[in-house]
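*Asks:* Just a sequence and a predicted model for now, questions to come.
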4 protein chains.
Amino acid sequence: MVSHTSYIRVRYAETDAMQVAHHATYPIWFEVGRGELMHELGLPYTEIEAQGFYLMLVNLEVKYRSSARYDDLLRLETRVGELKTRSMSFEYTLHSGDTLVATGTTWHVATDKQYRPRTLPEEVIARLRSE
Amino acid sequence: MVSHTSYIRVRYAETDAMQVAHHATYPIWFEVGRGELMHELGLPYTEIEAQGFYLMLVNLEVKYRSSARYDDLLRLETRVGELKTRSMSFEYTLHSGDTLVATGTTWHVATDKQYRPRTLPEEVIARLRSE
Amino acid sequence: MVSHTSYIRVRYAETDAMQVAHHATYPIWFEVGRGELMHELGLPYTEIEAQGFYLMLVNLEVKYRSSARYDDLLRLETRVGELKTRSMSFEYTLHSGDTLVATGTTWHVATDKQYRPRTLPEEVIARLRSE
Amino acid sequence: MVSHTSYIRVRYAETDAMQVAHHATYPIWFEVGRGELMHELGLPYTEIEAQGFYLMLVNLEVKYRSSARYDDLLRLETRVGELKTRSMSFEYTLHSGDTLVATGTTWHVATDKQYRPRTLPEEVIARLRSE
């Protein structure tokens, strides 16, 4: 399945009083990784929305393994996980240098703009399945 | 002019590695105060948007006077400042107990949903001017 | 086990271009619920930190069931889940009126301020177990 | 005075229900620009904190000129503005392509970790003044 590597520098605003990146920032980084992966596939998310689709996030799991600090340069690998005609998952691995910071998974359902389930276009599925 | 007092408890996610509330959180709190003021006037922002208007924020100023910490209960006073047919300002004063935490001002322009300037309905102006 | 009900109004800043609350906001709301539950138990998180402990979040799961929109008043129920001497979980149920918006679970490990695992004080465990 | 150009891609989480980047995100981007400028000067903010200083933000102004949307690649120019022994300002200009999105200024006071005003080390001032 397709994968993509993103580089993310921890922002000061993303830290909290424990002096590490706040846990709610991780799903935002995962979304950045997902967006870059879609770009690389020639399927920018703006394009998917322009075609009348949302990829609604329905499920999120994060395992936090080590802290990330201000100014750390993180390496995020995003992979397509399961892929069905109306749903899919993405898997994330986040490192700081050699240290595993977190892993995560998001599950998504394809919907129209009224949030009704829809089948993803053939072409979108083909690209997500490529390589 | 109209004013409203809101109470806001500092969230852990709003703190940063200096162990105080991050400065970018203040405009979010001001927006909460503005929203509650509009509610009190019987002009919830959802209603203004439903009538086809945005109150686009065009200018923001914040003076930070003292830090706010996790779990502090802040008292935010929001007042209507200048009021014209197509623009307006709100003024904010934020306290923690007797300590002044910050003051701020936001300026807004009324637009339609294509972001073109519009005149606010008479009734909206009348309510903002009330008392 | 102990539980607590919080009320949270969706902020404009928490919405995204899909016009619903962004999914990364939910763990922030869960943290608010957790903080209020700890307050109610007489164990405010500031007190736990003052005693030299962190409750490091190590695992997060969220199931999104329905969208939340700007200005919705959400009802969040937070419960203590599993409780061990060095770790614990909290469970969350989020409603908007009668509609289930999301459920979630967070797992935490007690550490000292150098992030080394520690046993929670007897008294803290007793209070979390109460009722 | 010193300046630095940063490139920032608008995250989905940074948009709001108006389908543009939320105004409270701009100070976070400015902070990114400031951080990169300090890096370029060989004065990473982590180093300044390690030397026992904070650059407390005391004043913020933003003028919003045009909207930014999801996935836009923004160009942020950060410049040192005023520079005194205990305070300084940074100025920001944000573009999307040729369109001016916003300008802003932040003012900072040098403090120790108990938030008492301090004079910045000669070397720090020299570097900020360089070029």
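*Replies:* Yes, it's here.

*Asks:* which outside residues touch the lengthiest strand in chain A?
*Replies:* Ranked by residue count under DSSP state E, the longest strand found in chain A is strand A:99-111. With C-beta atoms under 8 Å, 6 or more residues apart in numbering or on different chains as the test, strand A:99-111 has contacts from A:26-27, A:30, A:34, A:53-68, A:74, A:81-82, A:86-95, A:117-120. All C-beta atoms are positioned from the backbone trio N, CA, C, and that covers glycine.

*Asks:* What distance do you get for the nearest residue to A:Arg65 once chain neighbours are set aside to chain D?
*Replies:* Once flanking residues are discounted, A:Arg65 sits nearest to A:Leu100: 4.8 Å by C-beta to C-beta, 6 or more residues apart in numbering or on different chains. Noted for A:Leu100: a distance of 22 Å to chain D, by C-beta to the nearest C-beta, to the nearest Å.

*Asks:* Name whatever forms a beta bridge with A:Leu100.
*Replies:* A:His95 (DSSP bridges).

*Asks:* Next, count neighbours for it.
*Replies:* By other C-beta atoms under 10 Å in any protein chain shown, 12 other residues sit near A:Leu100.

*Asks:* Work out the gap between the longest strand of chain A and the centre of the chain.
*Replies:* With C-alpha atoms, centre = their mean, to the nearest Å as the basis, strand A:99-111 stands 6 Å off its chain's centre.

*Asks:* Beyond it, next helix or strand please.
*Replies:* helix A:122-129 (DSSP states H and E).

*Asks:* report the angle between the axes of that next one and strand A:99-111?
*Replies:* Angle, helix A:122-129 to strand A:99-111, by axes from the mean of the first three to the mean of the last three C-alpha atoms, to 10 degrees: 170 degrees.

*Asks:* rewinding a little: sort out for me which of the contacts of strand A:99-111 are in strands.
*Replies:* A:54-64, A:74, A:81-82, A:87-95.

*Asks:* For ChimeraX, write the selection for the buried entries among the residues you listed.
*Replies:* A single ChimeraX command selects the buried members of the ones in strands among the contacts of strand A:99-111 (16 or more other C-beta atoms under 10 Å in any protein chain shown):
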select /A:54,55,56,57,58,59,60,61,62,64,74,87,88,89,90,91,92,93,94,95
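
*Asks:* which bits of chain A sit near chain C?
*Replies:* Contact residues (C-beta under 8 Å from any C-beta of the partner chain) of chain A with chain C: A:18, A:23-25, A:27-28, A:31, A:54, A:56-64, A:67, A:115.

*Asks:* returning to what we had before: buried sites along the longest strand of chain A?
*Replies:* Neighbour counts over strand A:99-111 (16+ other C-beta under 10 Å) mark A:Val101, A:Ala102, A:Thr103, A:Gly104, A:Thr105, A:Thr106, A:Trp107, A:His108, A:Val109, A:Ala110, A:Thr111 as buried.

*Asks:* Need the max-distance pair from those.
*Replies:* For these, the farthest-apart pair by C-beta to C-beta is A:Val101 and A:Thr111; their separation is 31.2 Å.

*Asks:* Which single helix of chain A contains the most residues?
*Replies:* helix A:26-40 (DSSP state H).

*Asks:* could you say what helices and strands that one packs with?
*Replies:* The contact analysis (3 or more C-beta pairs under 8 Å, 6 or more residues apart in numbering or on different chains; DSSP states H and E) places helix A:26-40 against strand A:3-9, helix A:45-50, strand A:54-64, strand A:73-83, strand A:87-96, strand A:99-111.

*Asks:* Please render those as JSON lines that adds mean pLDDT to the earlier fields.
*Replies:* JSON lines is the format used below for these (pLDDT from 0 to 100):
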{"stretch": "strand A:3-9", "mean pLDDT": "97"}
{"stretch": "helix A:45-50", "mean pLDDT": "91"}
{"stretch": "strand A:54-64", "mean pLDDT": "96"}
{"stretch": "strand A:73-83", "mean pLDDT": "97"}
{"stretch": "strand A:87-96", "mean pLDDT": "97"}
{"stretch": "strand A:99-111", "mean pLDDT": "97"}
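
*Asks:* any chance of the ones you listed in JSON lines, plus distance to D:Ile125?
*Replies:* Shown next, in JSON lines, are these (distance: least, C-beta to C-beta, whole Å):
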{"stretch": "strand A:3-9", "distance to D:Ile125": "26"}
{"stretch": "helix A:45-50", "distance to D:Ile125": "44"}
{"stretch": "strand A:54-64", "distance to D:Ile125": "40"}
{"stretch": "strand A:73-83", "distance to D:Ile125": "28"}
{"stretch": "strand A:87-96", "distance to D:Ile125": "32"}
{"stretch": "strand A:99-111", "distance to D:Ile125": "36"}
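
*Asks:* B:Ile8 is nearest to which of the ones you listed?
*Replies:* Distance to B:Ile8, taken as C-beta to C-beta, is lowest for strand A:54-64 among the helices and strands packed on helix A:26-40, at 26.7 Å.

*Asks:* Quick check: residues of chain A near chain D?
*Replies:* So far as C-beta under 8 Å from any C-beta goes, chain A lies against chain D at A:9, A:11-13, A:28, A:31-32, A:35, A:44-46, A:70-71.

*Asks:* Alpha carbons of stretch A:85-105, as PDB, please.
*Replies:* The C-alpha trace of stretch A:85-105 is given here as PDB (Å, rounded to 0.1, in the frame of the first residue of the first chain):
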ATOM      1  CA  THR A  85     -15.300   1.000  -1.400                       C
ATOM      2  CA  ARG A  86     -16.900   3.200   1.300                       C
ATOM      3  CA  SER A  87     -14.300   3.200   4.000                       C
ATOM      4  CA  MET A  88     -10.600   3.100   4.700                       C
ATOM      5  CA  SER A  89      -8.000   3.500   7.300                       C
ATOM      6  CA  PHE A  90      -4.600   5.200   7.600                       C
ATOM      7  CA  GLU A  91      -1.800   4.200   9.800                       C
ATOM      8  CA  TYR A  92       0.800   6.500  11.300                       C
ATOM      9  CA  THR A  93       4.200   6.100  12.800                       C
ATOM     10  CA  LEU A  94       5.900   9.100  14.400                       C
ATOM     11  CA  HIS A  95       9.600   9.300  15.300                       C
ATOM     12  CA  SER A  96      11.900  11.900  16.800                       C
ATOM     13  CA  GLY A  97      15.400  10.800  15.600                       C
ATOM     14  CA  ASP A  98      15.500   7.000  16.400                       C
ATOM     15  CA  THR A  99      12.900   7.300  19.200                       C
ATOM     16  CA  LEU A 100       9.400   6.100  18.500                       C
ATOM     17  CA  VAL A 101       7.100   8.900  19.700                       C
ATOM     18  CA  ALA A 102       3.700   7.400  18.800                       C
ATOM     19  CA  THR A 103       1.700   5.200  16.500                       C
ATOM     20  CA  GLY A 104      -1.900   5.800  15.400                       C
ATOM     21  CA  THR A 105      -4.700   4.700  13.200                       C
END
